[in-house]
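Peer 1: Got a sequence here, can you model it:
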Amino acid sequence: MKFLTSGKVKDLYDVDESSILFKFSDRVSAFDVKFKQDIPRKGEILCKFAEFWFNELSVPNHFIRRESDTEIIVKKMKMLPIECVVRGYFYGSLVSRWKKGEVTLPEGTDTTLAAKLPEPLFDPTTKSEHDIPINKAKALEMKLVSEEQYAWLEKTSIDIYKKMAQIADGVGFILADLKLEFGLLDGKITLGDSIGPDEYRLWPKDSFEVGKIQEAYDKQLLRDWLTANGYQKQFDDERDAGREPVAPEIPAEIISKMTERYVTAYEKLTGHSL
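Peer 2: Down below sits the predicted model:
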């Protein structure tokens with residue numbers, strides 16, 4: 001197999017003319033900064049989550065089979081240059097963008113931190129090193145997708161979010177938001193990439209409380225620690241000064257808590273033990 005490229009978490013290998021192997025690592029990144037330390041078992045959980053969600057969702061996808069604990073084989077396709085984000089709650093970057101007037105919310109929306117939105121919001125971004133939020137007009141102006149493709153992506157992404165949120169709700173979790181990627185396979189839009197706790201925020205229902213930072217069973221745990229300790233601002237300042245941010249050392253308790261929560265989320269959502 002020929003090595004193709006390394007992403008933030010996955011390494012990609014060419015299998016044959018129609019398929020690629022995704023090898024999931026234990027690497028972690030946050031705020032577009034890569035960390036030197038690994039999160040034990042993360043690669044295995046992301047890999048098995050991808051298998052679970054692709055099999056669970058009725059939307060055509062590129063998944064072929066799981067090859068090992070950390071590898072899946074998928075069909076090759078031409079990825080669309082847009083990340084399809086669906087938000088169900090007022091949280092994350094949506095809050096700061098709303099405060100800056102960069103995003104408009106439906107009239108009457110509760111803008112208390114972590115409040116549920118009246119309806120899931122399609123909030124796509126570009127696909128780049130630092131993703132830029134876009135709307136329909138911008139996506140069409142940048143010729144990322146056609147009007148017909150945008151409409152299909154919006155409806156399908158929201159439908160997938162609702163289905164996944166229903167599954168999460170049934171086992172005691174809230175799916176706060178979700179990032180999906182799609183590509184073209186034989187001329188048809190097809191769900192691609194992978195789906196797991198690097199692509200969504202997952203909160204336990206029993207500790208959920210509007211107005212506070214939620215318990216994260218996903219990568220948000222690391223983001224929250226970085227923000228609370230001033231590292232997010234430091235990263236932004238470094239980039240503004242034209243320098244590449246340097247990742248701090250992640251405390252051992254954050255690493256072990258992330259592994260523990262990834263495992264718990266997988267076992268509860270899938271019903272399978274690791």
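Peer 1: make it CA atoms for all contacts and neighbour counts henceforth
Peer 2: OK.
Peer 1: Need the pLDDT of the spatially closest residue to Pro106 that is not a sequence neighbour.
Peer 2: Excluding the flanking residues, the one nearest Pro106 by CA to CA, 6 or more residues apart in numbering is Pro118, at 7.9 Å. On pLDDT, Pro118 comes in at 97.
Peer 1: Please, where are all the helices along the chain?
Peer 2: Per DSSP state H, the chain carries helices over the ranges 42-56, 93-99, 136-141, 147-170, 220-228, 231-240, 252-270.
Peer 1: Tell me which of those helices sits most buried.
Peer 2: helix 42-56 (a mean of 21; mean count of other CA atoms under 10 Å).
Peer 1: I figured the residue nearest to Pro106 hits Thr109, correct?
Peer 2: Yes - Pro118 is within contact range of Thr109, at 6.5 Å (criterion: CA atoms under 8 Å).
Peer 1: any idea how far Trp152 is from Phe182?
Peer 2: 11 Å (CA to CA, to the nearest Å).
Peer 1: quick one, what contacts Leu105?
Peer 2: Listed by CA atoms under 8 Å, 6 or more residues apart in numbering, the contact set of Leu105 reads Trp98.
Peer 1: burial of Lys116, as a residue count?
Peer 2: By the criterion of other CA atoms under 10 Å, Lys116 has 18 neighbours.
Peer 1: Please verify my assumption that it contacts Tyr89.
Peer 2: Yes - counting by CA under 8 Å, Tyr89 is a contact partner of Lys116 at 4.3 Å.
Peer 1: what is Ser19 paired to in the beta sheet?
Peer 2: In this entry, Ser19 is beta-bridged to Asp16, Lys75, by DSSP bridges.
Peer 1: pLDDT at it, what is it?
Peer 2: Ser19 is given a pLDDT of 98.
Peer 1: Check Asp131 too.
Peer 2: For Asp131, pLDDT reads 83.
Peer 1: With Val263 instead?
Peer 2: 97.
Peer 1: if you skip the residues just before and after it, what's nearest to it?
Peer 2: Ile45 (7.0 Å).
Peer 1: wait, what's in contact with the one you found?
Peer 2: Neighbours of Ile45 in contact, by CA under 8 Å, 6+ apart: Thr70, Tyr262, Val263, Tyr266.
Peer 1: I'd like the distance between Val95 and Glu83.
Peer 2: 19 Å.
Peer 1: no no, Arg41
Peer 2: From Arg41 to Glu83 the distance is 26 Å (CA to CA).
Peer 1: Likewise for Asp237?
Peer 2: In terms of CA to CA, Asp237 sits 26 Å off from Glu83.
Peer 1: contacting residues for the residue most central in space within the chain?
Peer 2: Nearest to the mean C-alpha position of the chain, by CA atoms, centre = their mean, lies Glu199 at 1.5 Å. Glu199 makes contact with Leu178, Lys179, Leu180, according to CA under 8 Å, 6+ apart.
Peer 1: Next, count neighbours for the closest residue to the second one other than its chain neighbours.
Peer 2: Which is Lys179. Once flanking residues are discounted, Lys179 sits nearest to Val85: 4.4 Å by CA to CA, 6+ apart. Neighbour count of Val85, defined by other CA under 10 Å: 23.
Peer 1: still on that earlier bit, out of the helices of the chain, which gets nearest to His130?
Peer 2: His130 sits nearest to helix 231-240 of all the helices of the chain, at 11.0 Å, using CA to CA.
Peer 1: Kindly calculate the angle that the closest one makes with helix 220-228.
Peer 2: Interaxial angle of helix 231-240 relative to helix 220-228 (axes from the mean of the first three to the mean of the last three CA atoms, to 10 degrees): 70 degrees.
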